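give me a 3D structure for the following:
(chains A and B)
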Amino acid sequence: MKILTMPSFGSDMATGTLAQWHVKEGQTVSKGDIIASIDTMKGLIDMEVFDNGTIDSLLADEGEELDIGAPIAQLRLLSENTVSTSNIEKQSVVNIPSTETETEIDVKANTVSQSKQEADIRTKKEEARTELSQQSQQSQDAQPNKPLLVSPVARKRALELGLDWRQLEHGHGPAGAIILQDIETAKNIRVQSSSQSEKSLQPEKSLQPEKSLQPDTVSQPKAITETKPKPAEMMRQAISANVSRSKREIPHYYLQLDVVLNKALDRLSIHNADLPPSKRILVNALVYCAIARSLTTFPAFNGFYNDGKYHASDEVHLGNAISLRTGGLIVASIHNAHRLGAIELMDKITDQVTRAREGGLRMSEVQDATVTVSNLGDRGSDSIQSIIFPPQVAIFGIGRPRKMPWIIDDEIVGATIVNISLAADHRVSDGHSGARLLNKINKLLQTPEKLL
Amino acid sequence: MNKKLALKTLICRLILDIAPEVDIESLDPNEDLREELDLDSIDFMKLLEAVSLETSITISESDYDKVQSLQSMVNYIENRT
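Numbers count the residues shown, from 1 in each chain, chains lettered A, B, ... in the order given. I've put the predicted structure just below:
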């Protein structure tokens, strides 16, 4: 059995709301199927499943907002249909003490009229959630005195109150699990605190002082938040956390090269002449194509830097930074861009820009870009020097094409120039190879017929 | 005159389909459409596609500089219908 969890669409996301299920319990699913739409500060994103199997149970309700990593469904893998699930059952049993206690209380207090079947489903949900909460807590926080368990009901209540249960040192449930009572106590402390002068207030013993703004804690829910920020504010905070981390951790170096687009534009005007607008190719598609193809021979610019090690990617998943009308941006990944021609790339870019703004990007598209291109458009600025999206190690910036006097074959001619910049991670590559990469992109753009 | 107005209304509606959040009311018809409404090249391409479907007038790439404002786009289409 595989537990499907609330996916993260970037290190800058803390929660997601399950907007809609596209599957039912018992439904067979195949790899790549969309099972749910998740509402995030980046808009509606379609969640795919990465295995073949059967949806065993849905653990989250439509409209429910959950932390990243919270379980939302159980998937019975195709391969395990005939295999005993005793190991899974054992794992669940480990969590039963705290879960049962909380579930019983909850059932008695609020759901007296619930049928046994509903209660069973609920228990199943809570078991899975507690288990996952335990796992995620263990992975997120290695401090010895931190609680390892929180009951789902407590967590839900904490969310309603805007309290961060992670700030509690321990709870009063089995094995120190945080239970509903602990959250209510914390709430009362907060109410009392807010009625006193902040200066004279000493932190309560059970509450740790609010952490200073650290990169690793920024993506967590704020400790004591009275009102939930709006999506645009959340996105701004998330971008802020991401770029701050990048600038702090990644030793960027910057290069730029002016590239003559005359041949590319001439080729495109022939190509586009008799085509309807929707089939026309923008010059950006050619530039993206040249970048993606060049990266196949420059692996130090295409991959992820994690835990002090760099892993180059065999595939180029080209992230396209798309500006959202509501503010902020989202990076959508064009999978295997190095294998696509400019015509296919243009289709992908148009489709992704549309879906980024109207909803419907797929989870895989917002998760796995190996490198990013930032392009301010043909009305933007002459050049842009971008900030790398960690854990990537390079980002390209494309300025607006501009007409300039240029010397070609010892003659001054009119030329359309675009500035292509590269910001790269000096831990992984050097300026010398970065410059070679930019020159390779330039070279490809001088034979545009090969890119179409 | 009515034709111009109808075309203007149509184009505004098509723009709103593509970029629902723009303040179309305050758009100066003689100003650069893309600049004023912050439309990118893909938005503009979609607008031209929509215009082509609605009016049967296809604006070629070489004529882009003749349809930079709402007014000039209206004139362009009107002169070709």
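
how many other residues sit next to residue A:275?
13 (other CB atoms under 10 Å in any protein chain shown). C-beta coordinates here come from the backbone N, C-alpha and C atoms, glycine included.

which SS class is it?
Under the three-state scheme (DSSP: H, G, I helix; E, B strand; the rest coil), residue A:275 adopts coil.

any idea which element residue A:243 lies in?
helix A:231-249 (DSSP states H and E).

following that helix, which helix or strand comes up?
Counting by DSSP H and E, what follows helix A:231-249 is strand A:252-260.

I'd like the next helix or strand past that next one.
helix A:262-272.

starting at the chain centroid, how far to that following helix?
Using CA atoms, centre = their mean, to the nearest Å, the distance from the centre of helix A:262-272 to the centre of the chain it belongs to is 36 Å.

how about that helix as PDB, C-alpha atoms only?
Presented in PDB, the C-alpha positions along helix A:262-272 are these (Å, rounded to 0.1, in the frame of the first residue of the first chain):
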ATOM      1  CA  ASN A 262      18.800  38.200 -37.700                       C
ATOM      2  CA  LYS A 263      19.000  34.700 -39.100                       C
ATOM      3  CA  ALA A 264      16.600  33.300 -36.500                       C
ATOM      4  CA  LEU A 265      14.000  36.100 -37.300                       C
ATOM      5  CA  ASP A 266      14.400  35.800 -41.000                       C
ATOM      6  CA  ARG A 267      13.800  32.000 -40.800                       C
ATOM      7  CA  LEU A 268      10.800  32.600 -38.600                       C
ATOM      8  CA  SER A 269       9.200  35.200 -40.800                       C
ATOM      9  CA  ILE A 270       9.400  32.700 -43.700                       C
ATOM     10  CA  HIS A 271       8.000  30.000 -41.500                       C
ATOM     11  CA  ASN A 272       5.200  32.100 -40.000                       C
END
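
so what does the helix or strand just after it touch, helix or strand wise?
Sequence order places helix A:283-295 as the next helix or strand after helix A:262-272, per DSSP H and E. Applying 3 or more CB pairs under 8 Å, 6 or more residues apart in numbering or on different chains; DSSP states H and E, one finds that helix A:283-295 makes contact with helix A:262-272, strand A:318-323, helix A:342-358, strand A:371-375, strand A:394-398, strand A:411-425, helix A:431-445.

taking strand A:318-323 as reference, get the angle to helix A:283-295.
150 degrees (axes from the mean of the first three to the mean of the last three CA atoms, to 10 degrees).

name the next helix or strand downstream of helix A:283-295, please.
Taking DSSP H and E, what comes next after helix A:283-295 is strand A:303-306.

just the buried residues of that following strand, please?
A:303, A:304, A:305 (16 or more other CB atoms under 10 Å in any protein chain shown).

check stretch B:48-60 too.
Residues of stretch B:48-60 classed as buried by neighbour count (16+ other CB under 10 Å): B:48, B:49, B:50, B:51, B:52, B:55, B:57, B:58, B:59.

same list, these, but only the ones touching chain A.
Contacts with chain A within these, as defined by CB under 8 Å from any CB of the partner chain: B:48, B:49, B:52, B:58, B:59.
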